[in-house]
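need the 3D shape of this:
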Amino acid sequence: MSDETLLNFPCVYPIKAVGQQAHEPERVVRALVAVHVDDADVLAVDTRPSRGGRYLAVTVTLRASSRAQLDALYRDLSAEPRLVWVI
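Next comes the predicted model:
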């Protein structure tokens with residue numbers, strides 16, 4: 001199975017990122033997603049604070065149009081120093 005057959009585009013795809021609350025991870029993630037995804041293709045944005053409240057997990061569910069779009073989005077999110085991790 002090739003990389004191109006793992007996902008059938010367009011598809012609904014969740015991306016999760018975590019950052020310290022002080023760095024406003026929801027704002028950071030929304031801004032980076034907006035560069036790659038039209039507003040109409042952002043289906044949901046959910047947040048969940050960590051037990052101690054220091055971190056915030058942000059899950060964006062989007063309609064992805066291509067593997068290249070997802071790769072570019074992951075690249076930008078992963079390069080953002082205010083985010084601890086991205087999956």
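
so for the protein, the centremost residue is which one?
Ile15 (3.8 Å; CA atoms, centre = their mean).

state whether it is indeed within a strand.
Yes. Ile15 forms part of a strand when assessed by DSSP: H, G, I helix; E, B strand; the rest coil.

okay, and the beta partners of it?
Counting by DSSP bridges, Ile15 is bridged to Val60.

do the same with the one 4 residues further on
Applying DSSP bridges to Gly19 gives these bridge partners: Leu56, Leu83.

flag the shaky bits of the chain, pLDDT-wise.
Along the chain, the model assigns pLDDT under 70 to residues 1-5.

and the helices in it, which stretches?
3-6, 25-36, 67-79 (DSSP state H).

make a markdown table out of the ones you listed and add mean neighbour count and distance to Trp85.
Every C-beta, even on glycine, is put in place using the N, C-alpha and C of the backbone. Converted to a markdown table, these look like this (neighbours: other CB atoms under 10 Å; distance: least, CB to CB, whole Å):
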| stretch | mean neighbour count | distance to Trp85 |
| --- | --- | --- |
| helix 3-6 | 8 | 22 |
| helix 25-36 | 17 | 11 |
| helix 67-79 | 15 | 8 |
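
could the ones you listed be laid out in a markdown table, adding distance to Ser50?
Listed next are these as a markdown table, based on distance: least, CB to CB, whole Å:
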| stretch | distance to Ser50 |
| --- | --- |
| helix 3-6 | 31 |
| helix 25-36 | 11 |
| helix 67-79 | 19 |
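
out of these, flag the one nearest Val60.
For Val60, the closest of the helices of the chain is helix 25-36, at 5.4 Å, according to CB to CB.

how far is the closest one from where the chain is centred?
Put simply, helix 25-36 sits 8 Å off its chain's centre (CA atoms, centre = their mean, to the nearest Å).

show me what it is packed against.
strand 11-20, strand 42-49, strand 55-64, helix 67-79, strand 83-86 (3 or more CB pairs under 8 Å, 6 or more residues apart in numbering; DSSP states H and E).

so Gly53 touches Ala22, yeah?
No. Counting by CB atoms under 8 Å, Gly53 does not reach Ala22; the two are 10.7 Å apart.
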